[in-house]
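*Asks:* Sequence isn't available, so here's the structure alone:
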């Protein structure tokens, strides 16, 4: 694009035919020789660029996006824009050099054949985001109404569980409250609740993570929730002294938490930082920023090295963006979901931390951020995931 701008500027500045008489300074209202101006050799670069972008790069882009099934209408925008640009260049050249177009040129000058494609591209660029925003707003209202209905039904069913002469709710041996199992107005309401989302994250988050990475483009939120859950499991199973986590395990837990901050929260190092409230972000900054390097540390080498460690105890999910020429799976790059297994013990801690652990670091350090992202996922990505019928395959 810079080359095009420079070449166009040089051609215009050095061609009096395009700009009129240099000595007139505005006395001539238009360039001299209109017909000659439109057919001069100075238009060759413009014709080449138009043909290249619309007839070579455009179809190539269509071929690359043929397997993308996003839910943000990005693929639809690309297809409509490319197809609308195809007729412009041939019609423009035909209008310039074909005698058949002379009657038309009196009413519709040759360069105007490029205008319809440009107008369509501008229209879809504005229309689809507005349409998606409208859909999101509509779905948000629908989701909130479902959650309110769920809360009302839950409260009523919980009260009913204590009625009929019983003082405790009906529960199973494992503590499952059966009074809450079928209290939703319908299965669709039940599957849209936070309970279903958390169950999916605990049992099998991979389909949701794959959906968020390949269709909704919000994988960082799902990844954060999964990593925090793995980290909390690590805290629960870490070696402990007298009710306190052992110092070596605490250092390893801090490094795990710092890596979550580094790869998913910090705006300096995360490729796709999650969107949390500034108050929560500032608190996490005060705890982990000193332990974070100045550049992203997410690399294939560190992941591969982690696989060679001792007995597995903690599984963490990570997104790795890999260069790929396989257009069957992605456009320009692909998102691979990688499961990393690392140990957590006194003998083989995760990482030897070189930063002192700040006050405020405990098992609840991510609670506020987790609640914020859970609500964001529940009212956005999860609803789209459920709408496509994916959640039912996980037996939520």
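*Replies:* Right, received. Where do you want to start? Because the structure is predicted, anything quoted here is derived from the model rather than measured.
*Asks:* Surely residue 71 forms part of a strand?
*Replies:* No - counting by DSSP: H, G, I helix; E, B strand; the rest coil, residue 71 is not part of a strand but coil.
*Asks:* ok, so what distance separates it from residue 129?
*Replies:* Note on residue 71: its distance to residue 129, by Cβ to Cβ, to the nearest Å, is 13 Å. Every C-beta, even on glycine, is put in place using the N, C-alpha and C of the backbone.
*Asks:* When these two are compared, which one has more neighbours?
*Replies:* Set side by side, residue 71 and residue 129 show more neighbours around residue 71, with 18 against 13, by other Cβ atoms under 10 Å.
*Asks:* In this structure, where is pLDDT below threshold?
*Replies:* 16-40, 139-140, 142-192, 239-246, 294-355, 389-396 (pLDDT under 70).
*Asks:* can you map out the strands along it?
*Replies:* In the chain, the strands defined using DSSP state E lie at 314-323, 333-342.
*Asks:* which residues sit in contact with residue 61?
*Replies:* 78, 82 (Cβ atoms under 8 Å, 6 or more residues apart in numbering).
*Asks:* What separation is there between it and residue 129?
*Replies:* According to Cβ to Cβ, residue 61 and residue 129 sit 19 Å apart.
*Asks:* go on, residue 9?
*Replies:* Taking Cβ to Cβ, one finds residue 9 at 32 Å from residue 129.
*Asks:* Please apply the same query to residue 247.
*Replies:* When Cβ to Cβ is applied, the distance between residue 247 and residue 129 equals 51 Å.
*Asks:* for residue 49, same thing?
*Replies:* From residue 49 over to residue 129 the distance is 27 Å, taken as Cβ to Cβ.
*Asks:* for stretch 256-270, which positions count as buried?
*Replies:* Buried residues in stretch 256-270, counted by 16 or more other Cβ atoms under 10 Å: 256-266, 269-270.
*Asks:* wait, stretch 45-62
*Replies:* For stretch 45-62, burial by neighbour count (16+ other Cβ under 10 Å) applies to 46, 49, 50, 51, 54, 55, 58, 61.
*Asks:* now, which of those sits nearest residue 287?
*Replies:* Lowest distance from residue 287 to the buried residues of stretch 45-62 (Cβ to Cβ) belongs to residue 61, with 44.0 Å.
*Asks:* Compute the distance between the closest one and residue 75, please.
*Replies:* To residue 75, residue 61 is 10 Å away according to Cβ to Cβ.
*Asks:* Same check on residue 123?
*Replies:* Taking Cβ to Cβ, one finds residue 123 at 17 Å from residue 75.
*Asks:* So those two - more neighbours on which side?
*Replies:* Between residue 123 and residue 75, counted using other Cβ under 10 Å, the more crowded position is residue 75 (17 against 13).
*Asks:* how much space is there between the residue nearest to the more buried one when sequence neighbours are not counted and residue 85?
*Replies:* Nearest non-adjacent residue to residue 75, counting by Cβ to Cβ, 6 or more residues apart in numbering: residue 68, 4.8 Å away. Using Cβ to Cβ, residue 68 is found at 19 Å from residue 85.
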